[in-house]
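Chemist: Build me a model from this:
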Amino acid sequence: MDVIADSWSWLTTADHWYGTGGVWQRLGEHLYLTGVSLLLACAVALPPALWLGHTGRGGALAVNISNAGRAVPTFAVLVLLVLSPLGSHGDLPVIIALVLFAVPPLLTNAYVGVAEADRDVVQAARGMGMSPGQLLARVELPLAFPLIATGVRTAAVQIVATATLAALPGGGGLGRIITAGFATHRTAQVVAGAVLVALLALLVEGLLVLGQRLLDPMARRPRHPRENRQSVRRPENRADTVEPGTHPA
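Modeler: So this is what the prediction gives:
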């Protein structure tokens, strides 16, 4: 309980939020790493994944190769990049490592979403004379949007969590709060930094879920009013109904 109380005290101390090395500065660095890495990962993974899913050729191999990259520890890649000539280019090694880590879920979800789009709808659109580009943009992409958005959310949350490792080789971000706590043996600061990272991941997840609901082309499609259909009812057994085999009086 003392750790929780001390962590709360650390988070509610104004001096820890402002100035050089404060929470706001580290949060800005973390958001910068996350945003740039996610945009680059989307630019690298989504175009080929969408096209491979549309053509249905070579997609499985590309997905397997990208997923094989998950077996490589992100921290190992980060350390190797920092020790390479790229290490003198600021945050570039960290961004490259985060991009490599975010590509697999983006590539897999986009490919599967387009490849498994409703074939009846796709065939109907092709029969209407749509070109391959129109078919991808107007039919397959809207149908695959939920799965693509799920891949983006997964990649974003993973980047937020993994960007914490950027502090180990001397990078910025909220991880610097955690590493500083370890260096000074302040458990409360370590816990406070972990809480900040977790809250940021939840916030990013929530914002992306909201964005998915607002941008989903299928959800925003205007619904046509239902046609009023009158059901055919059998004649009720009323007194003026002539029964078979009888004659009216």
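
Chemist: And the pLDDT at the closest residue to D15 other than its chain neighbours?
Modeler: Once flanking residues are discounted, D15 sits nearest to G22: 7.9 Å by Cβ to Cβ, 6 or more residues apart in numbering. For every residue, glycine as well, the C-beta is placed using N, CA and C. The model reports G22 with a pLDDT of 87.

Chemist: Hmm, T13 and G22 touching each other?
Modeler: No - G22 is not in contact with T13 according to Cβ atoms under 8 Å; the separation is 10.4 Å.

Chemist: Which one's more surrounded, those two?
Modeler: The neighbour count for G22 versus T13, taken as other Cβ atoms under 10 Å, is higher for G22 (15 against 11).

Chemist: which residue sits closest to the residue nearest the centre of the chain in space, ignoring its chain neighbours?
Modeler: Of all residues in the chain, the one closest to the mean position by Cα atoms, centre = their mean is R153, 1.5 Å from it. Closest residue to R153 apart from its sequence neighbours, by Cβ to Cβ, 6+ apart: L208 at 4.5 Å.

Chemist: what's the helix or strand for the one you found?
Modeler: helix 187-215 (DSSP states H and E).

Chemist: For that helix, buried residues please.
Modeler: Buried positions in helix 187-215, judged by neighbour count with 16 or more other Cβ atoms under 10 Å: 188-197, 200-201, 204, 208, 212.

Chemist: Ok, stretch 118-128 next?
Modeler: Residues 122, 125 are the ones in stretch 118-128 that count as buried (16+ other Cβ under 10 Å).

Chemist: Give me the contact list for it.
Modeler: For stretch 118-128, the surrounding residues in contact (Cβ atoms under 8 Å, 6 or more residues apart in numbering) are 134-135, 138-140, 143.

Chemist: how about the CA coordinates for it, as CSV?
Modeler: Provided in CSV are the C-alpha atoms of stretch 118-128 (Å, rounded to 0.1, in the frame of the first residue of the first chain):
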residue,chain,number,x,y,z
ASP,A,118,-17.6,-11.0,-49.5
ARG,A,119,-17.1,-12.7,-52.9
ASP,A,120,-20.7,-12.3,-54.0
VAL,A,121,-20.4,-8.6,-53.6
VAL,A,122,-17.1,-8.5,-55.3
GLN,A,123,-18.3,-10.6,-58.2
ALA,A,124,-21.4,-8.4,-58.6
ALA,A,125,-19.2,-5.3,-58.7
ARG,A,126,-16.9,-6.9,-61.3
GLY,A,127,-20.0,-7.8,-63.4
MET,A,128,-21.0,-4.1,-63.3
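
Chemist: what sits against the closest residue to Q212 other than its chain neighbours?
Modeler: Spatial nearest neighbour of Q212, chain neighbours left out: A149 (4.2 Å); criterion: Cβ to Cβ, 6+ apart. A149 makes contacts with 208, 211-212, 215-216, as judged by Cβ under 8 Å, 6+ apart.
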